[in-house]
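S.K.: Sequence and predicted structure below; questions after.
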Amino acid sequence: MTPGFVRTAIVLGLLGAVGPFAIDMYLPAMPTIAADLGASIGATQMTLMVYFVAFGVCQLVYGPVSDMVGRRGPLFFGLTLFVLASVGCVLAPSIGALIFFRATQGIGGSAVMVIPRAIIRDRYRGIEATRMMALVMLVISIGPMLAPLLGSGLILLWGWRAVFVAIGATAVVALALVWKVLPETHTPERRRVVSLADMGRGFRTLLTDPTFLGLTAIGGLGMASFFSFLSSSSFLYIGHFGLSPTGFSLAFSFNAIGFFTASQFAARLGAIHGIPAVIRAAVAGYAGFALVHVAIVLAGVDSLPVLMAMLFLTFANLGLVIPTAMILALEEHGPIAGIASALGGTLQMVLGAVMIALTSAVFDGTALPMVLIIAGCACIAFVLSRRTLPAARA
């Protein structure tokens with residue numbers, strides 16, 4: 001890998017980390033937010049769900065717009081809106097206001113989800129694109145591994161509002177990186193005005209492509225499993241198992257390490273065995289460990305070490321599934337990379353939001369609802385992998 005390749009991965013990874021930072025850093029604060037604002041657990045979990053919905057749906061705007069005007073301008077707009085919404089979260093006087101500003105954060109933050117993927121598609125193909133995506137995800141892993149610990153420290157020192165000050169500060173750093181370091185990869189001669197009719201044709205092309213839909217769903221179900229864990233984790237680890245916010249942060253980081261460590265082997269395994277074969281094998285492992293976890297919980301085992309170990313193994317397989325599925329889904333759609341990235345990201349994030357809502361609705365203070373939802377997602381992904389991937393190109 002050249003220095004330029006690594007530099008690009010670091011910048012894109014730091015951009016991509018803004019969105020996860022806005023989730024992972026404030027997870028330890030959710031019980032405190034509920035108590036401070038006099039809100040129910042369900043209402044507090046809504047601050048997570050609306051962020052995901054806005055984060056997902058608004059990709060449908062950023063993707064086509066970035067195809068028309070380039071990648072940098074929409075990134076500037078989205079990050080600026082994100083910073084302003086973070087200020088609103090700091091000042092929120094009620095859970096309703098916090099929900100509103102979290103949704104606004106999601107609207108701005110969705111730019112850093114869809115546009116880096118389009119930038120990768122602008123510059124790289126095949127195994128090289130998978131290698132770039134894996135390296136980007138390694139940088140993004142800073143968020144899930146360090147953000148909860150940083151968040152719990154801020155809560156102890158200055159309260160939950162300080163968390164949103166730090167979240168806003170990460171977006172300011174990202175803005176500076178876009179301004180100083182990130183070149184425009186979608187040059188004027190490659191741009192085209194995208195009318196509503198063009199968008200409609202692009203969406204129709206994608207929605208009638210079974211390989212795109214199957215791979216998007218496989219990646220989305222994997223993300224939905226992780227989101228189900230996100231929405232339950234703080235209440236489960238702190239409320240059920242009695243961990244402190246710092247203890248929760250360490251436990252959460254352990255689960256995230258499995259995902260991001262495995263993701264670094266995706267490109268190497270793809271080069272040896274082919275990307276479709278890697279996805280098929282990893283989805284099988286994902287489903288297998290998820291079903292074993294269900295059996296363990298149904299047998300009455302209520303152990304934090306067992307829970308953490310099974311989630312580690314499950315999410316490690318997802319570390320191979322999600323980056324490879326994303327790249328393979330975009331592989332054949334270069335002329336509409338922004339639209340394809342936007343639609344894929346939207347479908348995945350909306351699916352994740354649905355799983356958050358479902359997890360919130362059935363959460364009973366134990367791990368069983370979360371484990372069942374993860375296993376359900378895994379089984380559907382397994383069926384889809386067998387139906388979709390024979391037609392996918394390595």
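M.R.: Done, it's in.
S.K.: surely I23 meets L230?
M.R.: Yes: in this structure I23 lies within contact range of L230 using CB atoms under 8 Å: 6.3 Å. Where C-beta positions appear, they are placed from N, C-alpha and C, glycine not excepted.
S.K.: Pull the least confident helix or strand in the chain by mean pLDDT out as CSV, backbone CA atoms only.
M.R.: Lowest by mean pLDDT, DSSP states H and E among the helices and strands of the chain is helix 126-140, with a mean of 71. Extracted in CSV, the C-alpha atoms of helix 126-140 (Å, rounded to 0.1, in the frame of the first residue of the first chain):
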residue,chain,number,x,y,z
GLY,A,126,-12.5,-5.1,-6.9
ILE,A,127,-10.0,-6.3,-4.3
GLU,A,128,-8.3,-2.9,-4.1
ALA,A,129,-11.7,-1.4,-3.2
THR,A,130,-12.3,-4.1,-0.6
ARG,A,131,-8.8,-3.4,0.8
MET,A,132,-9.6,0.3,1.0
MET,A,133,-13.0,-0.3,2.7
ALA,A,134,-11.3,-2.7,5.2
LEU,A,135,-8.7,-0.1,6.0
VAL,A,136,-11.3,2.6,6.4
MET,A,137,-13.2,0.4,8.8
LEU,A,138,-10.1,-0.1,10.8
VAL,A,139,-9.9,3.7,11.3
ILE,A,140,-13.6,3.9,12.0
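S.K.: Quick one: low-confidence residue ranges for the stretch 251-394 of the chain.
M.R.: Scanning the stretch 251-394 of the chain with the threshold set as pLDDT under 70 gives 332-338, 390-394.
S.K.: picking up where we left off before, now what about the least confident helix or strand of the chain, what contacts it?
M.R.: Counting by CB atoms under 8 Å, 6 or more residues apart in numbering, the neighbours of helix 126-140 from elsewhere in the structure are 1, 5-6, 8-10, 12-14, 16-17, 20, 116-117, 120-121, 123-124, 260, 263-267, 270-271, 275, 319, 323-324, 326-327, 331.
S.K.: one step back: which neighbours do I23 and L230 have in common?
M.R.: Common neighbours of I23 and L230, counting by CB under 8 Å, 6+ apart, are L48.
S.K.: contacting residues around V297?
M.R.: Applying CB under 8 Å, 6+ apart, we find V297 in contact with 367-368, 371.
S.K.: what do you get for V50?
M.R.: Contact analysis of V50 by CB under 8 Å, 6+ apart lists 99, 102-103, 106.
S.K.: And for S233?
M.R.: S233 makes contact with 27, 248, 252 under the criterion CB under 8 Å, 6+ apart.
S.K.: Just say helix, strand or coil for the second one.
M.R.: Following DSSP: H, G, I helix; E, B strand; the rest coil, the label given to F248 is helix.
S.K.: The residue nearest to it when sequence neighbours are not counted and A39: what is the separation?
M.R.: Closest residue in space to F248, ignoring its immediate chain neighbours: Y237 at 4.5 Å, by CB to CB, 6 or more residues apart in numbering. From Y237 over to A39 the distance is 20 Å, taken as CB to CB, to the nearest Å.
S.K.: same deal with V11?
M.R.: When V11 is compared with A39 (using CB to CB), they lie 37 Å apart.
S.K.: on that earlier part again, show me which of the contacts of helix 126-140 are buried.
M.R.: Burial by neighbour count, judged by 16 or more other CB atoms under 10 Å, picks out 8-10, 12-14, 16-17, 20, 116-117, 120-121, 124, 260, 263-264, 266-267, 270-271, 275, 319, 323-324, 326-327, 331 from the contacts of helix 126-140.
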